[in-house]
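In: Sequence first, then the predicted structure, then my questions.
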Amino acid sequence: MEFYPQGTFSSIQEYNTYCSKFNNNWSLKKESIKYCLLDCKSLLEVLLKFNTLIYQEFNTDASKMPTLPSISFKVFRKNFFQNCKNLIPKYKLIDFLHIKEAYTGAVLQQLNCINQLI
């Protein structure tokens, strides 16, 4: 099996010539491992810095949530939602059922109209 970066080299000889510039001390495996390790280290640094900033700014541990939306939702609930609790109306179950019936009833009514036209 021949391997060389697609579109970079036109032949295996050209690829081998390129590799010989490194005194035949170039290994795709070693370079790939080195790249992955550096990538993981930089990602770890970013995550640690992000976690520190979120903790300092909002007193929330970002490592406890799996996604960015869950972090933002927790920050919102913890720091901003407390002030809004009285602004959001609370409905009783019967109110919810009436709203639900009105919503789905309107959709079904439209479908019945479409079926009659067809």
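Out: Nice, thanks for sending it over.
In: Which stretches in this protein count as helices?
Out: Secondary structure of the chain (DSSP state H): helices at 12-20, 28-58, 68-75, 93-117.
In: Looking at those, which is nearest to residue 82?
Out: Ranking the helices of the chain by their distance to residue 82 (criterion: CB to CB) puts helix 68-75 first, at 12.0 Å. (Glycine included, C-beta is placed from N, CA and C.)
In: Outside of that closest one itself, which residues are in contact with it?
Out: 54, 58, 60, 62, 65 (CB atoms under 8 Å, 6 or more residues apart in numbering).
In: From the residues you listed, pick the one nearest residue 34.
Out: residue 62 (28.8 Å).
In: can you tell me which residues contact the closest one?
Out: So residue 62 contacts 50, 51, 54, 55, 71 (CB under 8 Å, 6+ apart).
In: where's the fourth one relative to residue 102, distance?
Out: Between residue 55 and residue 102 the computed distance is 45 Å (CB to CB, to the nearest Å).
In: Residue 30: which of the contacts of helix 68-75 is nearest?
Out: Nearest to residue 30 among the contacts of helix 68-75: residue 62, at 34.2 Å, using CB to CB.
In: roughly how far apart are that closest one and residue 72?
Out: In this view, residue 62 and residue 72 are 10 Å apart by CB to CB.
In: which one of residue 55 and residue 102 has more residues nearby?
Out: residue 55 (13 against 9; other CB atoms under 10 Å).
In: Verify the contact between that one and residue 61 for me.
Out: Yes: the pair residue 55 / residue 61 is scored as a contact, 6.1 Å apart, by CB atoms under 8 Å.
In: The contacts of helix 68-75: which two are farthest apart?
Out: 58 and 65 (12.0 Å).
In: Give me the below-cutoff pLDDT ranges for the chain.
Out: 1-7, 24, 83-89, 103-118 (pLDDT under 70).
In: In stretch 59-79, which of the residues would be classed as buried?
Out: 60, 62, 65, 71, 74, 75 (16 or more other CB atoms under 10 Å).
In: Format those as TSV; extra columns: distance to residue 21.
Out: Output for these, formatted as TSV (distance: CB to CB, whole Å):
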residue	distance to residue 21
60	51
62	44
65	47
71	46
74	52
75	51
